[in-house]
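Participant: From the sequence below, what's the structure:
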Amino acid sequence: MDDLGAQPAASTNAAVVTRFIDEVINGGNLDLIDALWHEDLVWEGGSLGERHGIEAYKKMMGATGGGSRWANLHLTVHNIFAQDDTVVVQFTNSGYRTGRLLGVVPFRSKRGSWNGVGIYTLRGGKIVHAWFVEDVVAMLRSLGGPGALDLITSSGK
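Facilitator: Residues are numbered from 1 along each chain as shown. This is a model prediction of the structure:
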């Protein structure tokens, strides 16, 4: 099989991920989650944990009344690469924190910004797996928390 045969699938998959980012993350249309994500999805957020299944994912995103405490969350895509069933996105996230962070740190009404990379796997035109690495220390620093060097060199006093 030549690479040209795989391009239409890659292009279609990139369009699904782009639609998710544009309409769900940036547009706030959480009703589209069912149309774009597979029911037995796995979302791996690194230090932010994992979610298994569409109901757990929807809860995390706030579609079921709980979940996200980011207001005006916006994901800026810097690069997107697609091959076969895999789409890789280099991005910057930003938004206002409206509650406690990680259940402990009381950041309120502060704007956070951080970089990340997401790797999406699609099956049957829907996202079935997403794996992320995000600069959580940069997020904390942008919200007024200590930077990485401060955390590493702190004597705890």
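Participant: Output the contacting helices and strands for the top helix by length along the chain.
Facilitator: Taking DSSP state H as the criterion, the chain has its longest helix at helix 7-19. Other helices and strands packing on helix 7-19, by 3 or more Cβ pairs under 8 Å, 6 or more residues apart in numbering; DSSP states H and E, are strand 70-83, strand 86-97, strand 110-123, strand 126-134. No exception for glycine: its C-beta is placed from N, CA and C like everyone else's.
Participant: Adding distance to Ala35 and mean pLDDT, write these out as CSV.
Facilitator: Output for those, formatted as CSV (distance: least, Cβ to Cβ, whole Å; pLDDT from 0 to 100):
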stretch, distance to Ala35, mean pLDDT
strand 70-83, 18, 89
strand 86-97, 17, 90
strand 110-123, 13, 91
strand 126-134, 8, 95
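Participant: Please identify which of these is closest to Leu48.
Facilitator: strand 126-134 (7.2 Å; Cβ to Cβ).
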